[in-house]
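*Asks:* Sequence below, structure please.
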Amino acid sequence: MIEIIGPLADPSAPGGDGEKPGSLQKQLIERLQQAILAGRLPAGSLLPSSRLLATEMGVSRNTVVIAYEHLAAVGYVLADRQGTRVSALSSPAARGERAAPAAASAVAYAERVGQFTATRTHADNTFPLTPGTPALDHFPLSAWRRALERSMERCLPLALGYGDPAGEPALREAIAAHLRMARGVRCDGSQVVITEGAQEALNLCVRLLTNPGDIAWVEDPGYRGAKAAFNQGDLKIRPVPVDPEGMAVPADAWRKHPPKLIYTSPAHQYPTGAVLSVARRLALIADARRHGAWLIEDDYDGEFRHTGEPIASMQGLVEDAPVLYVGSFSKTMFPALRIGFVVLPRGIATHTAVALQEMLRGGHRLEQLALAHFVASGEFGRHLGRMRRLYRERQQALREALTLQFAPADILGGDCGMHLTLRLPAQIDDRALVDRALEKGLNPRALSSFALEPRAHTNGLVIGYGNTAAERLAPAIGLLAGLVDKAHGKPTRKAASGARR
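*Replies:* This next block holds a predicted model:
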């Protein structure tokens, strides 16, 4: 028996890693479990009596008795009048099966996770030029602290429970009121569902409206989170190109690949910055109605409009539009808040109320109640106003630096948001370039990494200015331009013609 399970170690002696091996009783239990799972003790095997095994292993009989009782309690062995026998377990090793099925499962798993694009670490997002990171040092912490203290004073201890799975009613009403006034969304609080960020809102849309194998359209290049949500739902993703007017649906797409779900970011397409024209918005709505499809409108950066009047939502263009409006407070407040939302069409909100009780669990109630007060009191609107002015100033500094350092500078976007996109010559590897930039402490993103079907016009840099002070932008772009020069093999900057300062 000792050859099958191996000798026990001295419990007081440290092992090779400095850890003590544990009590004799624990060691014996683990060795017997391993021998059974590995098939060295096949099903039906009669184990030695407790007295005999104790003598063989050099331990007390009580140690073996307790080990046998533990193994019987969890089902490894069966004890009766004839003795203690190994149970029949569903173990591949015990049945003598080869490990090929496990290897096949590993391959399938690798293929599944291979659908997702690797992203940077959270630490990288503190570097200059990071897209999508707001000016966290300008957030009004004192006002937010007061809102949190208010929610704790008024709502504890009741707010420590789960709460409504769809979110705190006060926050849902506050969001609905803000969206009606600021974004032209047609809704009331009953249509708003609070989620853990915009990503969970996208996942919820997929779970509510699709079945595995359904077709989904995404902007290309476009937001990786939408692709991740669709991959998670086992949908067939069809890329739709983007031009200066936003999502450009090919004429035969509805006939060839009729979708169940369409993702679009009409107010500020990410990452190109295009604004979806009204004609295309109305056409998408009409075609979606005709084919029984649903539109997800991600209002990415729509609050940070820098030129002209704010553009109203697509959801509010027509009555009962087949549009699910998604947003979050990650950019307008701060990412760690992890509060997003989806505005459901009224019919869906009515019919999915029971399903939402099963799909969601609620939570973050104190933060939700604090945010409800923050929005309703006007603090949120005042904060947005300050951020618009700050980001407008930073964008202007970035645009000037790009125009100065690159000749010519093919710059995309600028009407909204916290980033600009710079197109690069096709021969420059934008992904290798951003890796070199990261080594220098800069964190732009490769435009091609957002494309399902990378082409020459999807080669470039997505450059954020939200987290970078205006005075730091020119030196950062100068460093970036130097890296482009090296990658290109010749100067691309205006310095080559003596036009630099």
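
*Asks:* Please count neighbours and contacts with C-alpha atoms only from this point.
*Replies:* Fine.

*Asks:* Give me the longest strand you can find in the chain.
*Replies:* Counting by DSSP state E, the longest strand found in the chain is strand 236-243.

*Asks:* what are the pairing partners of the helix or strand following that strand, and which direction each?
*Replies:* Toward the C-terminus, strand 236-243 is succeeded by strand 246-247 as the next helix or strand (DSSP states H and E). The sheet places strand 246-247 alongside strand 236-243 (antiparallel), with pairing taken from DSSP bridges.

*Asks:* Tabulate the CA atom coordinates of the strand it pairs with in PDB.
*Replies:* The C-alpha trace of strand 236-243 is given here as PDB (Å, rounded to 0.1, in the frame of the first residue of the first chain):
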ATOM      1  CA  LYS A 236     -22.100  35.900 -36.100                       C
ATOM      2  CA  ILE A 237     -20.400  39.300 -36.400                       C
ATOM      3  CA  ARG A 238     -20.500  41.200 -39.700                       C
ATOM      4  CA  PRO A 239     -18.300  44.300 -40.000                       C
ATOM      5  CA  VAL A 240     -19.900  47.400 -41.500                       C
ATOM      6  CA  PRO A 241     -17.500  50.100 -42.800                       C
ATOM      7  CA  VAL A 242     -17.400  53.600 -41.400                       C
ATOM      8  CA  ASP A 243     -16.900  56.800 -43.500                       C
END
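
*Asks:* Could you give the average pLDDT over it?
*Replies:* For strand 236-243, mean pLDDT is 96.

*Asks:* what's the answer for stretch 334-343, then?
*Replies:* On average, stretch 334-343 scores 95.

*Asks:* Name the residues of that stretch that are buried.
*Replies:* Under the neighbour-count criterion of 16 or more other C-alpha atoms under 10 Å, stretch 334-343 has Phe334, Pro335, Leu337, Arg338, Ile339, Gly340, Phe341, Val342, Val343 buried.

*Asks:* same deal with stretch 454-466?
*Replies:* Neighbour count says stretch 454-466 has Thr458, Asn459, Gly460, Leu461, Val462, Ile463, Gly464, Tyr465, Gly466 buried, by 16+ other C-alpha under 10 Å.

*Asks:* what do you get for stretch 441-450?
*Replies:* Neighbour-count burial for stretch 441-450 [16+ other C-alpha under 10 Å]: Leu442, Asn443, Pro444, Arg445, Ala446, Leu447, Ser448, Ser449, Phe450.

*Asks:* tell me which of those is nearest to Arg186?
*Replies:* The shortest gap between Arg186 and any of the buried residues of stretch 441-450 belongs to Phe450, at 31.1 Å (C-alpha to C-alpha).

*Asks:* The closest one is in contact with Pro221, isn't it?
*Replies:* Yes: applying C-alpha atoms under 8 Å, one finds Phe450 in contact with Pro221, separated by 4.9 Å.

*Asks:* Determine the residues that are contacts of both of these two.
*Replies:* Shared contacts of Phe450 and Pro221, defined by C-alpha atoms under 8 Å, 6 or more residues apart in numbering, comprise Pro271.

*Asks:* Not counting its own residues, what contacts the longest strand of the chain?
*Replies:* Residues contacting strand 236-243 (C-alpha under 8 Å, 6+ apart): 213-221, 227, 230-231, 247-250, 257, 274, 452-453.

*Asks:* Buried members of these into ChimeraX, please.
*Replies:* Of these, the buried ones go into a single ChimeraX selection, burial set by 16+ other C-alpha under 10 Å:
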select :214,215,216,217,218,219,220,221,227,230,231,247,248,249,274,452
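
*Asks:* mean confidence score for stretch 170-184?
*Replies:* Per-residue scores along stretch 170-184 average to 96.

*Asks:* whoops, stretch 479-497 was the one
*Replies:* Per-residue scores along stretch 479-497 average to 70.

*Asks:* swap in stretch 5-24?
*Replies:* 71.

*Asks:* how long is that stretch end to end?
*Replies:* Start to finish, the residues bounding stretch 5-24 are 13 Å apart (C-alpha to C-alpha, to the nearest Å).

*Asks:* hmm, back to that, go through the buried residues of stretch 454-466 and say which is closest to Pro165.
*Replies:* Taking C-alpha to C-alpha as the measure, Pro165 lies nearest Gly466 of the buried residues of stretch 454-466, at 32.8 Å.

*Asks:* could you check the distance from that closest one over to Ala182?
*Replies:* 21 Å.

*Asks:* where's Val275 relative to Asp301, distance?
*Replies:* Val275 sits 11 Å away from Asp301, going by C-alpha to C-alpha.

*Asks:* any common contacting residues for those two?
*Replies:* Contact criterion C-alpha under 8 Å, 6+ apart; residues shared by Val275 and Asp301: Ala267, His268.

*Asks:* Run through the strands of the stretch 251-400 of the chain in chain order.
*Replies:* 261-264, 294-298, 323-328, 340-343 (DSSP state E, counting those that start in this stretch).

*Asks:* Give me the neighbour count for the residue nearest to Glu219 when sequence neighbours are not counted.
*Replies:* Spatial nearest neighbour of Glu219, chain neighbours left out: Val240 (5.0 Å); criterion: C-alpha to C-alpha, 6 or more residues apart in numbering. Close neighbours of Val240, defined as other C-alpha atoms under 10 Å, add up to 21.

*Asks:* shift numbering so it begins at 45
*Replies:* Okay, residue one is now 45; in that scheme the one you just asked about reads as Val284.

*Asks:* In this protein, where is pLDDT below threshold?
*Replies:* In the predicted model of the chain, residues 57-65, 134-167, 533-545 satisfy pLDDT under 70.

*Asks:* mind giving me the domain ranges of it?
*Replies:* 46-130, 183-421, 429-541 (automatic domain parsing).

*Asks:* rewinding a little: show only the entries of the buried residues of stretch 498-510 found in strands.
*Replies:* Per DSSP E, the buried residues of stretch 498-510 map to strands at Gly504, Leu505, Val506, Ile507, Gly508.

*Asks:* mind listing what Arg467 touches?
*Replies:* By C-alpha under 8 Å, 6+ apart, the contact set of Arg467 is Ala453, Asp454, Ile455, Leu456, His501, Thr502, Asn503, Gly504, Leu505.

*Asks:* Now for the residues you listed: which two are most distant?
*Replies:* Between any two of these (C-alpha to C-alpha), the greatest distance is 15.1 Å, for Ala453 and Thr502.

*Asks:* What is the neighbour count of the closest residue to Val250 other than its chain neighbours?
*Replies:* Leaving aside its chain neighbours, Val250 sits nearest to Gly277 (6.4 Å; criterion: C-alpha to C-alpha, 6+ apart). Residues lying near Gly277 (other C-alpha under 10 Å) number 19.

*Asks:* Pull the distance from stretch 71-82 to the chain's centre.
*Replies:* When distances are taken as C-alpha atoms, centre = their mean, to the nearest Å, stretch 71-82 is centred 40 Å away from the chain's centroid.

*Asks:* now Asp264, which residues is it bridged with?
*Replies:* Here Asp264, judged by DSSP bridges, has bridge partners Pro285.

*Asks:* That one contacts Ser493, correct?
*Replies:* No: at 10.4 Å, Asp264 does not count as touching Ser493 under the criterion of C-alpha under 8 Å.

*Asks:* Can you show me the helices along the stretch 295-444 of the chain?
*Replies:* Using DSSP state H, counting those that start in this stretch, the helices of the stretch 295-444 of the chain run over residues 297-300, 322-335, 390-395, 397-403, 409-420, 423-449.

*Asks:* How about the stretch 95-244 of the chain?
*Replies:* Under DSSP H, counting those that start in this stretch, the stretch 95-244 of the chain gives helices at 105-118, 144-157, 185-199, 213-226, 241-253.
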